[in-house]
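Visitor: Structure, please.
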Amino acid sequence: MSRASAGAGINVGMETRGVVSSHNDLHDVLDPAQLGKGTCWEAKEEAPQFNVEQASEQSVRTSQEPRPAINPLEPGWMGICEDDFNNGFHGAREGRFVSAGSSSPHDVLQGREGHGGSLATLRRQGAMKIKCDSVWDESRECSTLLDLRWMEDNNTQVKSLNGHFALLQQTLPHGNQLSVTMTEENLQNLGDVTFGQMLLDVDKSFKGSCAPYQELGSSQRERLFLRTLRSRVPLRTSYLSSVALDALSEHASSGFRRSEHPPPAHLWEPSSVACSEGSILRELLGTCERHCTPEDQLTKVMSSKTRESDEQSNLPQHIRSLLWGAGIISPWLYLMNPGSVFCCHIEDYAFGSANVIIAPPGSHTWAAWYSVPRHDIGYLHEYLREMLGDEYTIDCLEQRKIWLDPASVSAWTSKEGKRIHVYRHLQGPSEYIATDYGSVHWGVNLGIGWKAAVNFAFPDWREAAQGIHLEYKKLEKATGQKRSYRSVPDFDSKKWDTTTSADEIDGTC
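Guide: Numbers count the residues shown, from 1 in each chain. The predicted model follows:
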């Protein structure tokens, strides 16, 4: 994809209280309580800390009871006013961002070296935006976080990449649905077409679909999307998803000349985030796969060392071995298309995640994220049970098919009068979004450009995962269903020996 297609343009943004917005969108930086009379919370209220011992059993309404209100005209609505809803306001609390400066991922994500407030913010919000220094090399016209200049000339044959990327057609929820309909394009009939050739066609298509958004700023694009979502029109959008970087990097174009003296790797290069100082991610992933994977799938998973089956892949064996942990330890890439979405989910095994937009500062390449911190995951499942009724399953988040209106989630009240804390984060070019262990997050892409994603885990993962595990135990008891094996581990399982697992995950990447 050309650098221009990554979102070149003038910088219409301005920084105000940690929120990027255009000059016409200044009211977006206000707390939701100031947007209209219908808002019924105090935005500056601190979220309660997750405490397993104090967590009460949460009763759930039956499927015969009325579903929660989804707009201001329905009984029980406790959210933003009708005008704000109709104008596409998100209705969530604005998330605070942090600046990494020259600090490492370990320092920021573990609250070290003066970043204690960063860790508290991540836990309170479930996600946070991180700004790094020295993210773009003007002389080389590329990102210092991840150089992708070779992608448009990549000569890997598409047919050899089976299972290592997906070109999706997404249809927004319509009628009474909450699920995004996703169909994967069949690319097996492309013959000897290379990934670079396919990318040029995809880029051209995405630019065409971007036309309605071109003159709009980031918050205006978000409002346009939310108005479309709330109209229940079945809008269809394409999205290039889950591209395994390691499957492509061996086939960088022979015509692309890498520097003989490349600069030192950036501290926040995605793979460095996954395996930064103090990381236990690599060992922990292996431990989780051994302890959580069903017996009938364990041999395949551990022998292939890939996240998906390689039975139909034509990639060389040494490349396939690299792909173990693709999207977790090594980056998955996503080519954003305005209006394409990423659905509500928690990360595999309740890991944390780090996602960065690879584009020059000032370009019109954004994504709006919404997060629910892990201390509210029980209430979110209660909300989902009321919304989905008999269609609810305990693994509905792991299926990654549901897209929730943040205003509707924020407007809901449990039978005990509890609210779900929903935060909104506007990610710009060369900015990271980090998500906390076990937080639920989702969002919408608002520009054209690449995103790169990895996971992270440090020794504090176990305590966080234990709390989420106890919430899922309550859900399993209430529903009679069993969690997905890629959800938070079941630490009460006979397969998970506390002493052994602690020894196994004591190593680092």
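
Visitor: which residues in the stretch 401-509 of the chain form helices?
Guide: Assigned helices in the stretch 401-509 of the chain, in chain order: 406-411, 461-479, 498-504 (criterion: DSSP state H, counting those that start in this stretch).

Visitor: for those helices, which one sits closest to residue 490?
Guide: helix 461-479 (6.5 Å; CB to CB). (Glycine included, C-beta is placed from N, CA and C.)

Visitor: in the stretch 1-150 of the chain, which spans are helices?
Guide: 82-86, 105-109, 116-125.

Visitor: Off-centre distance for the second one?
Guide: Relative to the centre of its chain, helix 105-109 is centred 19 Å away, using CA atoms, centre = their mean, to the nearest Å.

Visitor: quick one: contacts of it?
Guide: Identification of contacts with helix 105-109 by CB atoms under 8 Å, 6 or more residues apart in numbering yields 98, 100, 112-115, 118-119, 122, 130, 267-268, 272-273, 276-279, 352, 354, 434, 456, 458.

Visitor: one step back: can you redo the helices of the stretch 401-509 of the chain as a markdown table with mean pLDDT?
Guide: Formatted as a markdown table, the helices of the stretch 401-509 of the chain follow (pLDDT from 0 to 100):
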| stretch | mean pLDDT |
| --- | --- |
| helix 406-411 | 97 |
| helix 461-479 | 96 |
| helix 498-504 | 50 |
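
Visitor: if you compare those, which one is most tucked away?
Guide: Burial of these is given as mean neighbour count (mean count of other CB atoms under 10 Å); helix 406-411 ranks first at a mean of 26.

Visitor: Give me the contact list for that helix.
Guide: 32, 40-41, 68-71, 77-80, 85, 89-93, 226, 370, 372, 380, 383, 419-420, 422, 424.

Visitor: so where is the chain shaky, pLDDT-wise?
Guide: The chain contains residues with pLDDT under 70 at 1-65, 188, 250-262, 297-323, 497-509.

Visitor: Now for the closest residue in space to residue 355 that isn't next to it in sequence, how many residues are close by?
Guide: In space, residue 355 comes closest to residue 453 once its chain neighbours are excluded; the distance is 4.4 Å by CB to CB, 6 or more residues apart in numbering. By the criterion of other CB atoms under 10 Å, residue 453 has 22 neighbours.

Visitor: any idea how far residue 453 is from residue 472?
Guide: As for residue 453, its distance to residue 472 is 24 Å (criterion: CB to CB, to the nearest Å).

Visitor: repeat for residue 114
Guide: Residue 114 sits 35 Å away from residue 472, going by CB to CB.

Visitor: quick revisit: which one of the helices of the stretch 401-509 of the chain lies closest to residue 364?
Guide: For the helices of the stretch 401-509 of the chain, proximity to residue 364 was assessed by CB to CB; helix 406-411 is nearest, at 22.3 Å.

Visitor: so how far is the closest one off the chain centroid?
Guide: With CA atoms, centre = their mean, you get 19 Å for helix 406-411.

Visitor: Kindly report the same for stretch 141-161.
Guide: A distance of 22 Å separates the centroid of the chain from that of stretch 141-161, by CA atoms, centre = their mean.

Visitor: go on, stretch 263-275?
Guide: So, by CA atoms, centre = their mean, the centroid of stretch 263-275 is 19 Å from its chain's centroid.

Visitor: For that stretch, buried residues please.
Guide: 266, 267, 268, 269, 270, 271, 272, 273, 274, 275 (16 or more other CB atoms under 10 Å).

Visitor: what's the answer for stretch 159-175, then?
Guide: Buried, per 16+ other CB under 10 Å, within stretch 159-175: 159-168, 170-173.

Visitor: Kindly state the beta-bridge partners for residue 372.
Guide: residue 440 (DSSP bridges).

Visitor: thinking it is in contact with residue 419, fair?
Guide: No: taking CB atoms under 8 Å as the definition, residue 372 is not a contact partner of residue 419, at 10.9 Å.

Visitor: Among the two, which residue is more densely surrounded?
Guide: residue 372 (28 against 19).

Visitor: Tell me which residues touch the more buried one, please.
Guide: Residue 372 touches 126, 380, 409, 420, 421, 422, 423, 439, 440, 441, counting by CB under 8 Å, 6+ apart.

Visitor: The second one contacts residue 418, doesn't it?
Guide: It refers to residue 380. No: with contacts counted by CB under 8 Å, residue 380 stays clear of residue 418, the gap being 10.9 Å.

Visitor: re the thing from before, buried among the contacts of helix 406-411? Make that a PyMOL selection.
Guide: Here is the PyMOL selection string for the buried members of the contacts of helix 406-411, based on 16+ other CB under 10 Å:
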select buried, resi 32+41+68+69+70+77+78+79+80+85+89+90+91+92+93+226+370+372+380+383+419+420+422+424
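
Visitor: quick one: which of the contacts of helix 406-411 sit in strands?
Guide: 93, 370, 372, 424 (DSSP state E).

Visitor: quick one: which of those is nearest to residue 360?
Guide: Closest to residue 360, out of all of these and judged by CB to CB, is residue 424, at 24.1 Å.

Visitor: Next one: residue 85 from residue 143, what distance?
Guide: Relative to residue 143, and taking CB to CB, residue 85 is found at 37 Å.

Visitor: Equivalent analysis for residue 88, please.
Guide: From residue 88 across to residue 143, the span is 31 Å (CB to CB).

Visitor: what do you get for residue 361?
Guide: Distance from residue 361 to residue 143, by CB to CB: 10 Å.

Visitor: Leaving out the residues flanking it, which one is nearest to residue 460?
Guide: Per CB to CB, 6+ apart, closest to residue 460 is residue 110, 7.3 Å.

Visitor: what about the one you found, neighbour count?
Guide: Residue 110 has 21 neighbouring residues, counting by other CB under 10 Å.

Visitor: OK, contacts around it?
Guide: 119, 278, 458, 460.

Visitor: Compare the helices of the stretch 1-150 of the chain and give me the one nearest residue 290.
Guide: Across those, closest to residue 290 is helix 105-109 (CB to CB), at 25.5 Å.

Visitor: Buried ones in that closest one, by neighbour count?
Guide: Result for helix 105-109 [16+ other CB under 10 Å]: buried residues 105, 106, 107, 108, 109.

Visitor: And stretch 226-243, by the same measure?
Guide: Result for stretch 226-243 [16+ other CB under 10 Å]: buried residues 226, 229, 230, 237, 238, 239, 240, 241, 242, 243.

Visitor: which one of the residues you listed sits closest to residue 486?
Guide: residue 242 (14.6 Å).

Visitor: among the contacts of helix 105-109, which ones are buried?
Guide: For those, a burial check counting by 16+ other CB under 10 Å picks out 98, 100, 112, 115, 118-119, 122, 130, 267-268, 272-273, 276, 278-279, 352, 354, 434, 456, 458.
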